[in-house]
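**Q** When you get a sec, could you give me coordinates for this:
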Amino acid sequence: MSDKYTVARIIKDNERYEVLVKPQKALDYRMGKLAAITEALVTETIFSDANKGTKVSEENLRKAFGIVDQLKIAEIILRKGTLQLTTEQRRKMIEEKRKQIIDFIARQCVDPKTNLPHPPSRIENAMEQIHYPIEPFKSLEEQARDIIKLLRPILPLKMEQVAVGVRIPAEYAAKAYGTVKGFGTIKREEWRADGSWYGVLEMPAGLYAPFLEKLGEITKGAGEAKITS
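**A** Numbers count the residues shown, from 1 in each chain. As a prediction, this is how the structure comes out:
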């Protein structure tokens, strides 16, 4: 493959079906950033081996996909199949996924000794020791949970939810409500007669300290929060 085109591939009944695509536009289409698949395709032709230029017959297309419309089949291949990435694309996507995983672990987990989250730099250093092969298209949560299991022998991690009772004075309630919701799931809430808001918020334990900091910031220290049983 070259910088000008790459291959998207799907395998059905041990047979390969491939389409030539433009690397960046194909990735944009796969990620939902590009609506028209025609902009991502080098050609609408479906190949069994794009490098050799071997085309698939209509009979085989109908057998594999139930249709012969090559544009629609190209959509299936690009959305559900394997997209070959350029070296630079893969590097960038892995680095971005790595940052997302580190952020996920920092937000979802705590050190069981202190009940405080580990700094992202500590998580990153620990990840370098386990040599986990991050996959750009694999689910963030799935990879993060795998990594958490591998990290535990070298980095104490506890993943749990806490229930937090929150009270916000009337003058800050409307403004702070959206921010509060962003930290977890509201399990119970009530708007009181004086205009204040009270709720019980379920959130990852690792978010409790950042939540207290944010609540203090948006309510100028007037909001109250504590872990409930």
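**Q** Correct me if wrong: residue 103 contacts residue 120.
**A** Yes - under the criterion of C-beta atoms under 8 Å, residue 103 makes contact with residue 120 at 6.9 Å. Heads up, the C-betas are built off the backbone N, CA and C, glycines and all.
**Q** Alpha carbons of stretch 114-132, as PDB, please.
**A** Provided in PDB are the C-alpha atoms of stretch 114-132 (Å, rounded to 0.1, in the frame of the first residue of the first chain):
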ATOM      1  CA  THR A 114      -5.800   6.200  50.400                       C
ATOM      2  CA  ASN A 115      -9.100   6.100  48.500                       C
ATOM      3  CA  LEU A 116      -7.600   8.800  46.200                       C
ATOM      4  CA  PRO A 117      -7.000   8.500  42.500                       C
ATOM      5  CA  HIS A 118      -3.500   7.800  41.200                       C
ATOM      6  CA  PRO A 119      -1.900  10.700  39.200                       C
ATOM      7  CA  PRO A 120      -2.000  10.100  35.500                       C
ATOM      8  CA  SER A 121       1.800  10.100  35.300                       C
ATOM      9  CA  ARG A 122       2.000   7.200  37.800                       C
ATOM     10  CA  ILE A 123      -0.600   5.200  35.700                       C
ATOM     11  CA  GLU A 124       1.300   5.900  32.500                       C
ATOM     12  CA  ASN A 125       4.600   4.800  34.100                       C
ATOM     13  CA  ALA A 126       3.000   1.500  35.300                       C
ATOM     14  CA  MET A 127       1.500   0.900  31.900                       C
ATOM     15  CA  GLU A 128       5.000   1.000  30.300                       C
ATOM     16  CA  GLN A 129       5.900  -1.900  32.500                       C
ATOM     17  CA  ILE A 130       3.100  -4.300  31.300                       C
ATOM     18  CA  HIS A 131       3.600  -3.700  27.500                       C
ATOM     19  CA  TYR A 132      -0.100  -4.000  26.700                       C
END
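**Q** Please state the offset of the helix-or-strand element of the chain with minimal mean pLDDT from the chain centre?
**A** Between all helices and strands in the chain, the lowest mean by mean pLDDT, DSSP states H and E belongs to strand 158-159, at a mean of 83. Relative to the centre of its chain, strand 158-159 is centred 19 Å away, using C-alpha atoms, centre = their mean, to the nearest Å.
**Q** still on that earlier bit, quick one: common contacting residues for residue 103 and residue 120?
**A** Here residue 103 and residue 120 share no contacting residue, scored by C-beta atoms under 8 Å, 6 or more residues apart in numbering.
**Q** hmm, back to that, could you list every helix and strand in contact with the least confident helix or strand of the chain?
**A** strand 109-110 (3 or more C-beta pairs under 8 Å, 6 or more residues apart in numbering; DSSP states H and E).
**Q** can you list contacts of the strand it packs on?
**A** So strand 109-110 is in contact with 116-118, 148, 157-160, 204-206, going by C-beta under 8 Å, 6+ apart.
**Q** follow-up on the earlier one: list the strands paired with the helix or strand just after the least confident helix or strand of the chain, with their directions.
**A** With elements assigned by DSSP states H and E, the helix or strand that comes after strand 158-159 is strand 161-168. Strand 161-168 sits in its sheet next to strand 197-204 (antiparallel), strand 224-228 (antiparallel), going by DSSP bridges.
**Q** residues of the last one that come out buried?
**A** Of the residues in strand 224-228, those with enough neighbours to count as buried (16 or more other C-beta atoms under 10 Å) are 224-225.
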